[in-house]
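S.K.: with the input below, show me the fold.
(chains A and B)
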Amino acid sequence: NAGVMQNPRHLVRRRGQEARLRCSPMKGHSHVYWYRQLPEEGLKFMVYLQKENIIDESGMPKERFSAEFPKEGPSILRIQQVVRGDSAAYFCASSRGVGNTEAFFGQGTRLTVV
Amino acid sequence: QQPVQSPQAVILREGEDAVINCSSSKALYSVHWYRQKHGEAPVFLMILLKGGEQKGHDKISASFNEKKQQSSLYLTASQLSYSGTYFCGTALSSGSARQLTFGSGTQLTVLP
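M.R.: All right, here's what the predicted structure looks like:
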C-alpha cells in the first residue's frame, strides 16, 4: 500500500515562474492537506481539500497560490510568479476521514526559487 | 495560535529518558504528535483527545492535561532511532482536527 506520493521531490524555479506541486493521497483517502515548512520551523497549515472541493483555505496566501483536488488525478498546489520567499518544503498529508484519524505525510517537495 | 514546545532541543545518551512539552493558551480539542527526521516526512506518533487521556506504544507515551492545556511526550530508555525533531499539532475543535497548528519543534539527539 503506497504512502502519500509527492512529486517532484525537488523543484528549482526562477523568480516569476510558476511552480506546480503534485500530491497523490494514500489509497482510500479522500482528504488532502497542504502544509508549508520553512527551514528550522514547524509546519504551517495552508489548505484542506476533499475531492473537487476546497474545505478550508485559511492558511493560503491570498494571491498567487491556488490548490485543487480534481475528481481524477492528484491534488495540485500551484504557485504563480514565485518569489524568493516561497522557497520552502511543501508537505501534503492525507487521511481517510475527518475526526481523530491520523494523517499521513508525503516526503515533501523542496522548492527553491533562484 | 501556535502552541509552545519546550525544550527547544535536548541531547541524551542512549537509554536515558526525555520529556517534551506542548502548551497552548487556548482550550484544545486534541493534540497530535509527530517525529520528523532531517529531510524526511513527519511520521505520526499518536493523537490525544481532551479528557486527560494517556497513550503509549513501545517506550513512547504521552498525556494530555486538560486543565493546563498541555500535552507531554515521554520517551523512555531512548534509542538512537528516536533522534529527530518532535512536533505537536493542536486542534481547537473536532472540525479543525486536520487543520492542525504545529509548534516549532523540539530537536532530540540521542548519542551512543
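S.K.: strands of chain B, residue ranges please.
M.R.: For chain B, strands defined by DSSP state E occupy the ranges B:4-6, B:9-13, B:18-23, B:30-36, B:43-49, B:54-57, B:60-65, B:70-75, B:84-91, B:101-102, B:106-111.
S.K.: which parts of chain A are strands?
M.R.: A:5-7, A:10-13, A:19-24, A:31-37, A:43-50, A:53-56, A:65-68, A:75-79, A:88-95, A:104-105, A:109-113.
S.K.: OK, contacts around the residue lying closest to A:Tyr35 once chain neighbours are set aside?
M.R.: Using Cβ to Cβ, 6 or more residues apart in numbering or on different chains and skipping the chain neighbours, the partner closest in space to A:Tyr35 is A:Leu43 (4.1 Å). For glycine as for every other residue, the C-beta is placed from the backbone atoms N, C-alpha and C. Going by Cβ atoms under 8 Å, 6 or more residues apart in numbering or on different chains, A:Leu43 touches A:35-37, A:91, B:42, B:87, B:89, B:100, B:102.
S.K.: count the residues that sit near the closest residue to B:Arg35 other than its chain neighbours.
M.R.: Using Cβ to Cβ, 6+ apart and skipping residues adjacent in sequence, the residue nearest B:Arg35 is B:Gly84, 4.7 Å away. For B:Gly84, the number of neighbouring residues by other Cβ atoms under 10 Å in any protein chain shown comes to 20.
S.K.: any idea how far A:Arg20 is from A:Met46?
M.R.: 15 Å (Cβ to Cβ, to the nearest Å).
S.K.: out of the contacts of A:Leu43, which one sits closest to B:Val19?
M.R.: B:Phe87 (15.5 Å; Cβ to Cβ).
S.K.: wait, doesn't that closest one sit right on B:Leu100?
M.R.: No - when contacts are counted by Cβ atoms under 8 Å, B:Phe87 is not listed as touching B:Leu100 (9.2 Å).
S.K.: what number of residues lie near B:Ser81?
M.R.: B:Ser81: 9 neighbours (other Cβ under 10 Å).
S.K.: need the contact list for it.
M.R.: Taking Cβ under 8 Å, 6+ apart, one finds B:Val110 in contact with B:Ser81.
S.K.: just the pLDDT for it.
M.R.: Per-residue pLDDT puts B:Ser81 at 93.
S.K.: before we move on, what about B:Thr76?
M.R.: On the pLDDT scale, B:Thr76 gets 92.
S.K.: could you measure from it over to B:Asn21?
M.R.: 16 Å.
S.K.: again, but for B:Ala41
M.R.: Look at B:Ala41 and B:Asn21: by Cβ to Cβ, they are 24 Å apart.
S.K.: over to B:Tyr82?
M.R.: Taking Cβ to Cβ, one finds B:Tyr82 at 17 Å from B:Asn21.
S.K.: near chain A, which residues of chain B show up?
M.R.: B:2, B:30, B:32, B:34, B:40-44, B:47, B:49, B:87, B:89, B:94-95, B:97-105 (Cβ under 8 Å from any Cβ of the partner chain).
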